[in-house]
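Student: Model the structure of this input:
(chains A, B, C, D, E and F)
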There are 6 protein chains.
Amino acid sequence: MARKTLAEFKAERIALNDVLLKSKHKYIQRFFNVDHGVYTEGTALPAKTKEMLGLAASLVLRCDDCITYHIIQCAEQGVTDAEFDDIFAIALVVGGSITIPHLRRAAGALEEFRNSS
Amino acid sequence: MARKTLAEFKAERIALNDVLLKSKHKYIQRFFNVDHGVYTEGTALPAKTKEMLGLAASLVLRCDDCITYHIIQCAEQGVTDAEFDDIFAIALVVGGSITIPHLRRAAGALEEFRNSS
Amino acid sequence: MARKTLAEFKAERIALNDVLLKSKHKYIQRFFNVDHGVYTEGTALPAKTKEMLGLAASLVLRCDDCITYHIIQCAEQGVTDAEFDDIFAIALVVGGSITIPHLRRAAGALEEFRNSS
Amino acid sequence: MARKTLAEFKAERIALNDVLLKSKHKYIQRFFNVDHGVYTEGTALPAKTKEMLGLAASLVLRCDDCITYHIIQCAEQGVTDAEFDDIFAIALVVGGSITIPHLRRAAGALEEFRNSS
Amino acid sequence: MARKTLAEFKAERIALNDVLLKSKHKYIQRFFNVDHGVYTEGTALPAKTKEMLGLAASLVLRCDDCITYHIIQCAEQGVTDAEFDDIFAIALVVGGSITIPHLRRAAGALEEFRNSS
Amino acid sequence: MARKTLAEFKAERIALNDVLLKSKHKYIQRFFNVDHGVYTEGTALPAKTKEMLGLAASLVLRCDDCITYHIIQCAEQGVTDAEFDDIFAIALVVGGSITIPHLRRAAGALEEFRNSS
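Tutor: Predicted coordinates for the structure are as follows:
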């Protein structure tokens, strides 16, 4: 069982979001709208910083799919490898060694993204 | 790496429970008995409600195997799709976007269960 | 340092919600609206069941203020002492002994609520 | 608001356990029996080691009351200050800086216990 | 029981750090050095951004003392009220309603810091 | 999707650690050094006890890769099957039924290790 590839992550995410959202439950939909909006431009912090905050939060909460998602978003916002390392270091210190397997997969996802872009 | 199917979940669960329980450790066995009993009829709440509570707890604690288990139990207790959506919505609001990948897989497991029944 | 009383909980909640919400940040406000709406009538499950799900989720996530809030909401929705015990039992089994201090304070909050009503 | 003293912890624990357990719910009682038994002698590991494991688990899960309880149990089982430091160090590395406020209060509780014995 | 004031937080933090660190355990000390260093200037991200990441991580992990610490650090690095709101909003969406009591106390701590500066 | 085998775990761990550490970020490296050192002999507790503490912490925090790592370390330090059962029982009671899928995979990893040694 290898790490889920970016292509596998994206395909599963799209297919299962369709299943989750097909009933159009009012509060699930509203939550998804808020979840999309909170990372966009238009308030005090730039989108790049917001995505870095989302990545740090996902790392310490140890959710691989959330981490992969924010790795891609951060990279598309121009986060550099050295900046990713700083985010990884802070998540590691705050969250402890229990985050290491997730940091490993995060580094793998980032490498895959860089190689595929 | 696709989502674990219900058949794979059940096979792994049975095989590894045998390994975990083969030594008959007194307190592991007693815990398993309590874990089984707490969802049964015989106290104030009906089993259906207890299973919904177990599902909500599993969703916010983000344990895929626990979620799959309670999805099946809930469905067998007659929880409807609209009721599942309400449970998903509450877990999403309480637990935040970090639960979304687990909700996606929960919705996938439920769809698979409905299609196989 | 005694357990926070219900009156202290309510006073702190109102005062600090005012501080948190005074800037009217678009996404914080929308989240609060979703958080309020998700427990109301109008979808498949009755409000009483929704509040019980919110309580179970809060217990296993071990947030005292969230627990106190849902204890009050559940009690106002007519949850009986025997039903509360079932919720506590499920949260205890799912979340483990680490939830016990929170269950103790939950039981204390419920007793205080019953005595003050 | 100072750290809860050992006397306050013990008084609140006894008073609220009475409230939680007064209804004698079958599964809550069984869980409490398992929770008591699992740390006793009679299986492979000595009670001292079991208490150290309970303390490490409580530290990384960041439950102050659980930590205080196991600090007392460990100290009564003869855990030395240097051994406590090793447990604190491992919990700190596994759980990260987020455990530090709890480690501070753990060290305070231990100091209070040593001074009062 | 009111929210811990900034003065109480600082006094308890200094007093108990002394207790925790008095034995000079090698790995606890090294961890504290890493924990201090990781937020300083000298690598890719500025200290202000690092403190914002530390705050976001502390909020979703729901550690009041860690949050208070990073609120102060962020404010001293020049984080504005509108920027704090963005951080709070992202933590709320990622971590869910279970973070709300902590966000309330974070907003209270920030208000106290602004009033005392 | 079967449980990750020990060989797969080791291969992924080595390959991705190389990716994570290739930039030699100062604080990530220092953390890794502390993480390695804290389980070694030279302080009060023997390495075997330290590894058991690391395993208990990993079990209640529910990180499969961390659990597999400490299962191997514990087994190499001479932890017996009966001692593993005690550790599993304590983690189960502290962490609750949400740990069961991880305990199952832990038991599977241990069985695989015993069979391969």
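Student: All the helices of chain A, residue numbers only.
Tutor: A:6-21, A:26-37, A:47-61, A:64-76, A:81-95, A:100-116 (DSSP state H).
Student: Turn those helices into TSV, columns for mean neighbour count and mean pLDDT.
Tutor: C-beta: built from backbone N, CA, C; applies to glycine. Formatted as TSV, the helices of chain A follow (neighbours: other C-beta atoms under 10 Å in any protein chain shown; pLDDT from 0 to 100):
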stretch	mean neighbour count	mean pLDDT
helix A:6-21	16	96
helix A:26-37	18	98
helix A:47-61	25	98
helix A:64-76	21	98
helix A:81-95	24	98
helix A:100-116	20	97
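Student: Distance to chain D for those - can I get that in JSON lines?
Tutor: Output for these, formatted as JSON lines (distance: least, C-beta to the nearest C-beta, whole Å):
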{"stretch": "helix A:6-21", "distance to chain D": "26"}
{"stretch": "helix A:26-37", "distance to chain D": "24"}
{"stretch": "helix A:47-61", "distance to chain D": "8"}
{"stretch": "helix A:64-76", "distance to chain D": "16"}
{"stretch": "helix A:81-95", "distance to chain D": "5"}
{"stretch": "helix A:100-116", "distance to chain D": "10"}
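Student: near chain B, which residues of chain A show up?
Tutor: Contact residues (C-beta under 8 Å from any C-beta of the partner chain) of chain A with chain B: A:1-2, A:4, A:8, A:12-13, A:15-17, A:19-20, A:23, A:25, A:27-28, A:31, A:35, A:57-58, A:61, A:63-66.
Student: circling back: among the helices of chain A, which comes closest to F:His102?
Tutor: When the helices of chain A are compared by C-beta to C-beta, helix A:100-116 sits nearest F:His102, at 12.8 Å.
Student: And A:Thr40, how close does it get to chain B?
Tutor: Note on A:Thr40: its distance to chain B, by C-beta to the nearest C-beta, to the nearest Å, is 14 Å.
Student: Contact partners for that residue?
Tutor: A:Ala47, A:Lys50 (C-beta atoms under 8 Å, 6 or more residues apart in numbering or on different chains).
Student: quick one, phi/psi of the closest residue to chain D within chain A?
Tutor: At 2.9 Å from chain D, A:Gly96 is the closest residue in chain A, using C-beta to the nearest C-beta. Per-residue torsions, A:Gly96: phi 90, psi -180 (degrees, to the nearest 10).
Student: A:Thr40 now?
Tutor: phi -80, psi 160.
Student: Could you check how far it is from A:Thr80?
Tutor: Distance of A:Thr40 to A:Thr80, computed by C-beta to C-beta, to the nearest Å: 22 Å.
Student: Also A:Lys4?
Tutor: According to C-beta to C-beta, A:Lys4 stands 24 Å off from A:Thr80.
Student: Between the two, which has more neighbouring residues?
Tutor: Neighbours per residue (other C-beta atoms under 10 Å in any protein chain shown) separate A:Lys4 from A:Thr80, with A:Lys4 holding more: 19 against 12.
Student: And that one, what's its pLDDT?
Tutor: Each residue has a pLDDT score; the one for A:Lys4 is 89.
Student: so it touches A:Thr68, yeah?
Tutor: Yes. Using C-beta atoms under 8 Å, A:Lys4 makes contact with A:Thr68 at a distance of 7.4 Å.
Student: give me every residue that touches the spatially closest residue to A:Cys66 that is not a sequence neighbour.
Tutor: Closest residue in space to A:Cys66, ignoring its immediate chain neighbours: A:Ser58 at 3.9 Å, by C-beta to C-beta, 6 or more residues apart in numbering or on different chains. When contacts are counted by C-beta under 8 Å, 6+ apart, A:Ser58 touches A:Cys66, A:Ile67, A:Tyr69, A:His70, B:Ile98, E:Val94.
Student: and what of A:Ala15?
Tutor: Counting by C-beta under 8 Å, 6+ apart, A:Ala15 has contacts B:Gly108.
Student: gap between it and F:Ser116?
Tutor: A:Ala15 is 37 Å from F:Ser116, where distance means C-beta to C-beta.
Student: Point to the residue nearest the middle of chain A.
Tutor: Closest residue to the average C-alpha location of chain A: A:His70 at 2.1 Å, with C-alpha atoms, centre = their mean.
Student: Excluding covalently adjacent residues, which one is nearest to A:Leu20?
Tutor: Closest residue in space to A:Leu20, ignoring its immediate chain neighbours: B:Ala107 at 4.1 Å, by C-beta to C-beta, 6+ apart.
Student: Return the residues in contact with the one you found.
Tutor: B:Ala107 makes contact with A:Leu16, A:Val19, A:Leu20, B:Phe88 under the criterion C-beta under 8 Å, 6+ apart.
Student: what does chain A have sitting close to chain F?
Tutor: Residues of chain A lying near chain F by C-beta under 8 Å from any C-beta: A:1-3, A:62, A:81-82, A:85-86, A:88-89, A:92-93, A:97-98, A:100-101, A:103-108, A:111.
Student: Confirm for me that A:Ser23 is in contact with B:Phe88.
Tutor: No. A:Ser23 is not in contact with B:Phe88 according to C-beta under 8 Å; the separation is 9.4 Å.
Student: Check the gap between the residue nearest to A:Cys66 and D:Ala75 for me.
Tutor: Where D:Ala75 is concerned, A:Ser58 sits at a distance of 39 Å (C-beta to C-beta).
Student: And A:Thr49, by the same measure?
Tutor: 46 Å.
Student: can you check A:Gln77 too?
Tutor: Between A:Gln77 and D:Ala75 the distance is 51 Å, computed by C-beta to C-beta.
Student: got it, and A:Ala57?
Tutor: A:Ala57 is 37 Å from D:Ala75, where distance means C-beta to C-beta.
Student: need the contact list for the closest residue in space to A:Gly54 that isn't next to it in sequence.
Tutor: In this structure, A:Gly54 finds its nearest non-sequential neighbour in A:His70, 4.7 Å apart by C-beta to C-beta, 6+ apart. Residues in contact with A:His70, defined by C-beta under 8 Å, 6+ apart, are A:Glu51, A:Gly54, A:Leu55, A:Ser58.
Student: Not counting its neighbours along the chain, what's nearest the residue lying farthest from the centre of chain A?
Tutor: Distance from the C-alpha centroid of chain A, by C-alpha atoms, centre = their mean, peaks at A:Ser23 (25.4 Å). Closest residue to A:Ser23 apart from its sequence neighbours, by C-beta to C-beta, 6+ apart: B:Asp85 at 5.3 Å.
Student: Please verify my assumption that the one you found contacts A:Lys26.
Tutor: No. Contact criterion C-beta under 8 Å: B:Asp85 and A:Lys26 do not qualify, at 9.5 Å.
Student: list residues touching both of these two?
Tutor: Any residue near both B:Asp85 and A:Lys26 by C-beta under 8 Å, 6+ apart counts here, and that gives C:Thr43.
Student: Using CSV, write out every CA atom in stretch A:25-36.
Tutor: Provided in CSV are the C-alpha atoms of stretch A:25-36 (Å, rounded to 0.1, in the frame of the first residue of the first chain):
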residue,chain,number,x,y,z
HIS,A,25,-28.6,19.1,2.7
LYS,A,26,-28.9,22.8,3.5
TYR,A,27,-26.3,22.9,6.3
ILE,A,28,-23.8,20.7,4.6
GLN,A,29,-23.9,22.9,1.5
ARG,A,30,-23.6,26.1,3.6
PHE,A,31,-20.6,24.6,5.4
PHE,A,32,-19.0,23.8,2.1
ASN,A,33,-19.5,27.4,0.9
VAL,A,34,-18.0,28.8,4.1
ASP,A,35,-15.1,26.3,3.8
HIS,A,36,-14.4,27.5,0.2
